[in-house]
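[1] Need a 3D model of the sequence below.
(chains A, B, C and D)
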2 protein chains.
Amino acid sequence: MVESKEFLYPVKWLSKASAGDRVTSELRMRIISGMIESGAILSENKLAADFGVSRSPIREALKILASENIIRLERMGAVVIGLTEKEYAEIYDVRLLIETFVFERLVRMDTNELVMELSKILEMMKISIKYRDADEFSNQDVLFHETIIRSINHSYILMIWDNLKPVMESLILLSMRSRFKEKYEDFTRIINNHQLYIDAIRTKDRDLMIKSLHENFDDVQEKVEDLWMAQQMLSKGVEQEND
Amino acid sequence: MVESKEFLYPVKWLSKASAGDRVTSELRMRIISGMIESGAILSENKLAADFGVSRSPIREALKILASENIIRLERMGAVVIGLTEKEYAEIYDVRLLIETFVFERLVRMDTNELVMELSKILEMMKISIKYRDADEFSNQDVLFHETIIRSINHSYILMIWDNLKPVMESLILLSMRSRFKEKYEDFTRIINNHQLYIDAIRTKDRDLMIKSLHENFDDVQEKVEDLWMAQQMLSKGVEQEND
DNA sequence: TCAAGTACACTTGTATACAAGTATTATAAT
DNA sequence: ATTATAATACTTGTATACAAGTGTACTTGA
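    Residues are numbered from 1 along each chain as shown, chains lettered A, B, ... in the order given. Take a look at the predicted model:
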């Protein structure tokens, strides 16, 4: 019924995507942003009507979101789990787990090509900041970490990332949008942290890597706080749309 | 066309399962056992005809298997990846990663209840051996590790396990079936290793845990070798069924 | 007022149909 | 024989239909 005036997920990223992918991405954003509240029960038919599609793409979306631990599929309806403090801490754990694993592999590899690639992405991030493009910045930020993870060519570590990535992407998107408005000066520090990360990989300096990793996670922690702000703003903004 | 005389996956485990789940489990077993060879291209329509179901459950199965890194979904058809030595090593990595993480949490918890639960499962495993029930033994073996992982109540570590579990289950099933025929004496050692694991958790002895974990993994390594034997036997057995 | 049963609304899982796109094969022209 | 074009066979993604099951609400009986 609600014709959703605007999508939270960047529509330009969905140009070639299927209806199923579109629903998945948008639904994920709405849940993580708090626009769809934790505990809410989603009905396939209702969602299909809301998004103006059939149940097929909706079912696909729900299956994916369930595998990401964002919703829980029950006999009757999908229950929204969302992200509480507990989940944030857990995501933090898993990122720490896989990124330290990746680094251990990296120190035994030739990282010249990777460093080059990461430097390019960092340049892109700077441009995105310059032009106040929060979505593009988020895209590059996610790409930065994915590039590192991909570089060790480990399909099962990549599998973990594949499950974590969409949630991370949503979190970063929401956080960066809010920061571009409120805490623009943060970006200098974020860029520095990423440069530190690159340096750690280049010099294969474990201590430096751990340091930048933790600073990066501190950023994530702040992102989380920002998110709560974004959630407040959003819930204020869409409250009138309830049936 | 092929009416598949027998399923590789234990049919009794699928009594309440949907057609989609049945196809997923059976397809996984056929791929991991090598019955469906690496590189093969699976067609939705062909699979639907083979399994005697519509495309809906087949699509569901393919999506899941793709998320498990067993197949790769391409524009035209799903390409079977299967498990090479590389994948075995990677699975080993991830198990080591999450189980050590779990243990670090366990040493800070009250593990009395867990130890009780694991002892029960171990008793069940002994019974399964006594009655030569390879499938039930495999079930309990998987349950053993899942119980440990679940005990720390970490949804994102559990998410990793959820993705890994089906592959592990298939590997263990194939391996144990073969061992019950060929290397029955192995089970004494497997039981001992599991008892060691329980002791490590009970006494919160990191060194003992690492030791038993590695021995357990050595078992996995042997399981892998057994698997190749099983694959050989299977490929001999089903060769005549090709169209 | 409350208990038991019945009807209805809604759920999931599966089958089927169809549109749009892509590879392959066949045909035709040079 | 080779290349260009056209026909066809197969692919994916989506919509729709339907059966079986589950919960809810309403009625009926005491």
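[2] quick check, A:Phe187 in a helix?
    Yes: when classified by DSSP: H, G, I helix; E, B strand; the rest coil, A:Phe187 is found to be part of a helix.
[3] Just give me the neighbour total for it.
    Residue neighbour count, defined by other Cβ atoms under 10 Å in any protein chain shown, stands at 18 for A:Phe187. Yep, even glycine has a C-beta here, placed from its N, CA and C like the rest.
[4] Chain neighbours aside, what residue packs nearest to it?
    Excluding the flanking residues, the one nearest A:Phe187 by Cβ to Cβ, 6 or more residues apart in numbering or on different chains is A:Ile129, at 4.9 Å.
[5] residues in contact with the residue positioned nearest the centre of chain A?
    In chain A, the centroid-proximal residue (Cα atoms, centre = their mean) is A:Glu169; its distance is 1.6 Å. With contacts taken as Cβ atoms under 8 Å, 6 or more residues apart in numbering or on different chains, A:Glu169 has the following neighbours: A:Ser138, A:Val142.
[6] Give me the pLDDT for the nearest residue in space to A:Val53 that is not next to it in sequence.
    Nearest residue to A:Val53, sequence neighbours excluded (Cβ to Cβ, 6+ apart): A:Ala19, at 4.9 Å. Reading off the confidence values, A:Ala19 has pLDDT 94.
[7] mind checking which helix or strand the nearest residue to A:Ala17 once chain neighbours are set aside is in?
    Using Cβ to Cβ, 6+ apart and skipping residues adjacent in sequence, the residue nearest A:Ala17 is A:Ser25, 7.5 Å away. Secondary structure assignment for A:Ser25, by DSSP states H and E: helix A:19-32.
[8] tell me, how many neighbours does the closest residue to A:Met29 other than its chain neighbours end up with?
    Here the nearest residue to A:Met29 in space, its sequence neighbours aside, is A:Leu8; by Cβ to Cβ, 6+ apart that works out to 3.8 Å. The burial count assigned to A:Leu8 is 23, neighbours taken as other Cβ under 10 Å.
[9] try A:Leu62
    Other residues within reach of A:Leu62, judged by other Cβ under 10 Å, total 22.
[10] doesn't it fall inside a helix?
    Yes: residue state for A:Leu62 (three-state DSSP) corresponds to a helix.
[11] Which pLDDT does the model give it?
    The per-residue pLDDT reported for A:Leu62 equals 96.
[12] A:Ile121 now?
    Model confidence at A:Ile121, given as pLDDT, is 97.
[13] do you know how far it is from A:Glu185?
    Distance of A:Ile121 to A:Glu185, computed by Cβ to Cβ, to the nearest Å: 22 Å.
[14] Those two - which one has more neighbours?
    Set side by side, A:Ile121 and A:Glu185 show more neighbours around A:Ile121, with 21 against 8, by other Cβ under 10 Å.
[15] correct me, but the more buried one touches A:Val142?
    No: with the criterion set as Cβ atoms under 8 Å, A:Ile121 and A:Val142 do not qualify as a contacting pair; they are 10.0 Å apart.
[16] before we move on, the earlier item: and the direction of the helix or strand harbouring the residue nearest to the centre of chain A versus that of helix A:19-32, what angle?
    The secondary structure element spanning A:Glu169 is helix A:155-182 (assigned by DSSP H and E). Helix A:155-182 runs at 60 degrees relative to helix A:19-32, counting by axes from the mean of the first three to the mean of the last three Cα atoms, to 10 degrees.
[17] the helices in chain A, which residues?
    Secondary structure of chain A (DSSP state H): helices located at A:19-32, A:44-51, A:55-67, A:85-106, A:112-130, A:134-151, A:155-182, A:186-203, A:206-238.
[18] got JSON lines for these, with distance to B:Ile190 too?
    Formatted as JSON lines, these follow (distance: least, Cβ to Cβ, whole Å):
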{"stretch": "helix A:19-32", "distance to B:Ile190": "41"}
{"stretch": "helix A:44-51", "distance to B:Ile190": "44"}
{"stretch": "helix A:55-67", "distance to B:Ile190": "31"}
{"stretch": "helix A:85-106", "distance to B:Ile190": "28"}
{"stretch": "helix A:112-130", "distance to B:Ile190": "41"}
{"stretch": "helix A:134-151", "distance to B:Ile190": "34"}
{"stretch": "helix A:155-182", "distance to B:Ile190": "24"}
{"stretch": "helix A:186-203", "distance to B:Ile190": "41"}
{"stretch": "helix A:206-238", "distance to B:Ile190": "37"}
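[19] Let me know whether the helix holding A:Ser25 sits next to DNA strand C.
    No: counting by Cβ under 7 Å from any atom of the strand, DNA strand C has no neighbours in helix A:19-32; the shortest distance is 12.4 Å.
[20] which strands and helices sit next to that helix?
    In terms of contacts (3 or more Cβ pairs under 8 Å, 6 or more residues apart in numbering or on different chains; DSSP states H and E), helix A:19-32 is packed against helix A:44-51, helix A:55-67, helix A:155-182.
[21] again, only this time at 10 Å
    helix A:44-51, helix A:55-67, strand A:71-73, strand A:78-80, helix A:155-182, helix A:206-238 (3 or more Cβ pairs under 10 Å, 6 or more residues apart in numbering or on different chains; DSSP states H and E).
[22] Quick one: mean pLDDT for the longest one?
    Just to be clear, that refers to helix A:206-238. For helix A:206-238, the mean per-residue pLDDT is 64.
[23] likewise the third one?
    Averaging pLDDT along strand A:71-73 yields 94.
[24] How about it and DNA strand D, any contact?
    No: Strand A:71-73 stays out of contact with DNA strand D when judged by Cβ under 7 Å from any atom of the strand, the minimum separation being 14.0 Å.
[25] List the strands paired with that strand, with their directions.
    strand A:78-80 (antiparallel) (DSSP bridges).
[26] Can you mark which positions in the helix holding A:Glu169 are buried?
    Burial within helix A:155-182, assessed by neighbour count using 16 or more other Cβ atoms under 10 Å in any protein chain shown, is assigned to A:156-180.
[27] Could you do stretch A:14-28 as well?
    By neighbour count with 16+ other Cβ under 10 Å, stretch A:14-28 contains the buried residues A:Leu14, A:Ala19, A:Gly20, A:Asp21, A:Arg22, A:Val23, A:Thr24, A:Ser25, A:Glu26, A:Leu27, A:Arg28.
[28] got any ranges where chain A has weak pLDDT?
    A:1-5, A:217-243 (pLDDT under 70).
[29] how about the residues of chain A near chain B?
    Proximity of chain A to chain B is assessed by Cβ under 10 Å from any Cβ of the partner chain, with A:20, A:56, A:59-60, A:63-64, A:66-69, A:81, A:86-87, A:89-98, A:100-101, A:105, A:153-160, A:162-164, A:167 identified as the residues in range.
[30] 6 Å instead?
    Chain A has residues A:Asn69, A:Glu90, A:Ile91, A:Val94, A:His154, A:Ser155, A:Tyr156, A:Met159, A:Ile160, A:Asn163 near chain B, with proximity defined as Cβ under 6 Å from any Cβ of the partner chain.
[31] OK, contacts around the fifth one?
    Spelled out, that is A:His154. When contacts are counted by Cβ atoms under 6 Å, 6 or more residues apart in numbering or on different chains, A:His154 touches B:Glu90.
[32] What's the separation between it and A:Val102?
    For A:His154, the distance to A:Val102 under the criterion Cβ to Cβ works out to 8 Å.
[33] same deal with the third one?
    Distance of A:Ile91 to A:Val102, given as Cβ to Cβ: 16 Å.
[34] do you know how far the closest residue to A:Met159 other than its chain neighbours is from B:Ile36?
    Leaving out its chain neighbours, the residue that sits closest to A:Met159 by Cβ to Cβ, 6+ apart is B:Asn69, at 5.2 Å. When Cβ to Cβ is applied, the distance between B:Asn69 and B:Ile36 equals 15 Å.
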